[in-house]
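>>> Show me how the following folds:
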Amino acid sequence: MIIHINPLERATLPTTASEIMNRINEISFNSSLMREMRTIAFVTKLIDDGKILDNPMKRMLIHGTDAADVMAELGALNKLNADWDNLNHLMKVERERTEAWLKQNFGRLGEESTVDIREEFLRPS
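The predicted structure follows:
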């Protein structure tokens, strides 16, 4: 289960020093996620192509929720703010998103991925 806390893309280019630093933070944070998704996609393709047969590698079912609209409005410092009210707000937003996600996808758990890795993580920029 992937819970996105940084947007993968932004509609506008950062222009101020704080916006640029925030975007650098987001890109840096997302780089390990992107690397993991490329690896999962590669192994899945090997499994689909029948190139991995007698091996302990198994298909991973990937699921994800996000609040990109909320998180895109927050700067790097706000995302690191451990103030109780801020944490409660972020937990409330993600709880609402997760409840909506579960209503829509619960039947798919254990059966299929709800995230298209190639579409969401591997498309050219």
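
>>> so where do the helices sit in this structure?
For the chain, the helices defined by DSSP state H occupy 17-48, 68-71, 76-79, 84-105, 117-121.

>>> tell me the mean pLDDT over the third one?
With pLDDT averaged residue by residue, helix 76-79 scores 72.

>>> which helices and strands sit right next to it?
Helix 76-79 is packed against helix 17-48, with contacts defined by 3 or more C-beta pairs under 8 Å, 6 or more residues apart in numbering; DSSP states H and E. Glycine gets a C-beta too; all of them are placed from N, C-alpha and C.

>>> Can you give me the buried ones in the helix it packs on?
The neighbour-count criterion (16 or more other C-beta atoms under 10 Å) identifies Asn22, Arg23, Asn25, Glu26, Asn30, Met37, Ile40, Ala41, Val43, Thr44, Ile47 as the buried residues of helix 17-48.

>>> what about stretch 39-55, start to end distance?
The straight-line separation of the ends of stretch 39-55 (C-alpha to C-alpha, to the nearest Å) is 16 Å.

>>> returning to what we had before: as TSV, the buried residues of helix 17-48 with pLDDT and distance to Asn105 would be great.
Converted to TSV, these look like this (pLDDT from 0 to 100; distance: C-beta to C-beta, whole Å):
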residue	pLDDT	distance to Asn105
Asn22	86	31
Arg23	89	30
Asn25	86	30
Glu26	87	26
Asn30	89	23
Met37	93	19
Ile40	93	18
Ala41	92	20
Val43	90	23
Thr44	90	19
Ile47	88	22
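
>>> of all those, which comes closest to Leu8?
Relative to Leu8, the closest of the buried residues of helix 17-48 is Asn30; by C-beta to C-beta it sits at 5.9 Å.

>>> That closest one contacts Arg10, correct?
No. Judged on C-beta atoms under 8 Å, Asn30 makes no contact with Arg10 at a distance of 11.4 Å.

>>> Please tell me how far the least confident helix or strand in the chain by mean pLDDT is from the chain's geometric centre.
For the chain, using mean pLDDT, DSSP states H and E, the weakest element among its helices and strands is helix 76-79, scoring a mean of 72. With C-alpha atoms, centre = their mean, to the nearest Å as the basis, helix 76-79 stands 18 Å off its chain's centre.
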